[in-house]
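Engineer: The following comprises the amino acid sequence and a computationally predicted model.
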Amino acid sequence: MKRLTVIHIAITLLLVAVLFDFFHSAGNTQKANAAENNDPSKLMVLWTSGDRDVALKMVYMYTYNAKKNNWWDEVRFVIWGPSSLLLSVDKELQDYIKKMKEEGVVIEACKACADMYGVSDKLTELGIDVKYMGKPVTDMLKSGWISMTF
C-alpha cells in the first residue's frame with residue numbers, strides 16, 4: 001500500500017512539473033509573439049494640426065531628423081485633417097515635404113480629409129500618396145508602430 005502511495009505522489013509531482021513547464025513555455029511564447037508585433041523601430045507621425053508653427057518647429061523638424069539620423073528604421077508621415085489644407089497652400093511646407101521624401105520618409109495623406117478641404121489633387125501633385133487612411137493607421141497601431149500625433 002505504501003508503495004502505491006509513493007508511486008502516486010511521484011506521478012503527481014511529475015505531472016505538476018510537466019504542466020508547469022508547459023504553461024511557463026506557453027507564456028514565454030505569447031510574450032515573444034507580442035514583442036515581435038510591437039516593433040519599436042517603426043514610427044508613424046500623425047499630423048493633424050493646421051498650425052504652421054507647430055508644423056515647422058516640431059512636427060516637420062522631428063520627422064525629418066528621425067529618419068535622417070536613423071533614430072527609427074521606418075518613418076511614416078500621415079497628413080490628416082486641417083494639416084492637409086495648410087500644406088496645400090504653404091510653399092515652405094511643401095518644400096520641406098520634398099526634403100523628407102528624399103530622406104526616405106513615407107508621406108501619406110487621408111483622402112477623406114483632403115476631399116473635405118478640396119485639396120486631394122493638390123496633394124497628389126506634390127507626390128503625396130492620398131488614400132483613405134483609417135485602416136492603414138489602425139493596422140500600424142495594432143502592429144505596434146510607435147505613434148506621435150500633433
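Structural biologist: On my side now, so go ahead. Residues are numbered from 1 along each chain as shown.

Engineer: Tell me where this structure has strands.
Structural biologist: Assigned by DSSP state E, the chain shows strands spanning 42-47, 74-79, 106-110, 129-131, 146-149.

Engineer: Need the mean per-residue confidence for the second one.
Structural biologist: So that's strand 74-79. Averaging pLDDT along strand 74-79 yields 98.

Engineer: Partner strands of that strand, with direction?
Structural biologist: strand 42-47 (parallel), strand 106-110 (parallel) (DSSP bridges).

Engineer: Also the last one?
Structural biologist: As defined by DSSP bridges, the strand partners of strand 146-149 come to strand 42-47 (parallel).

Engineer: Quick check: which of the strands paired with strand 74-79 is nearest to D95?
Structural biologist: Closest of these to D95 is strand 106-110, at 13.0 Å (criterion: Cβ to Cβ). C-betas here are computed from N, CA, C, even on glycine.

Engineer: Flag every buried residue along the closest one.
Structural biologist: Neighbour-count burial for strand 106-110, counted by 16 or more other Cβ atoms under 10 Å, picks out 107-110.

Engineer: So for that strand, mean pLDDT?
Structural biologist: Strand 106-110 carries an average pLDDT of 98.

Engineer: burial of E103, as a residue count?
Structural biologist: By the criterion of other Cβ atoms under 10 Å, E103 has 15 neighbours.

Engineer: Let me fix that, I meant to ask about K57.
Structural biologist: 11.

Engineer: which residue ranges form the helices in this protein?
Structural biologist: All helices of the chain, identified by DSSP state H, fall at 2-37, 52-54, 60-68, 82-89, 91-103, 111-117, 120-125, 134-142.

Engineer: which of the ones you listed has the lowest average pLDDT?
Structural biologist: helix 2-37 (a mean of 52).

Engineer: Now render the strands paired with strand 74-79 as a markdown table, adding distance to K68.
Structural biologist: Formatted as a markdown table, these follow (distance: least, Cβ to Cβ, whole Å):
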| stretch | distance to K68 |
| --- | --- |
| strand 42-47 | 13 |
| strand 106-110 | 14 |
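
Engineer: right, so of those strands, which gets closest to T149?
Structural biologist: strand 42-47 (4.4 Å).

Engineer: Between helix 82-89 and the closest one, find me the angle.
Structural biologist: Orientation of strand 42-47 against helix 82-89 (axes from the mean of the first three to the mean of the last three Cα atoms, to 10 degrees) gives an angle of 80 degrees.
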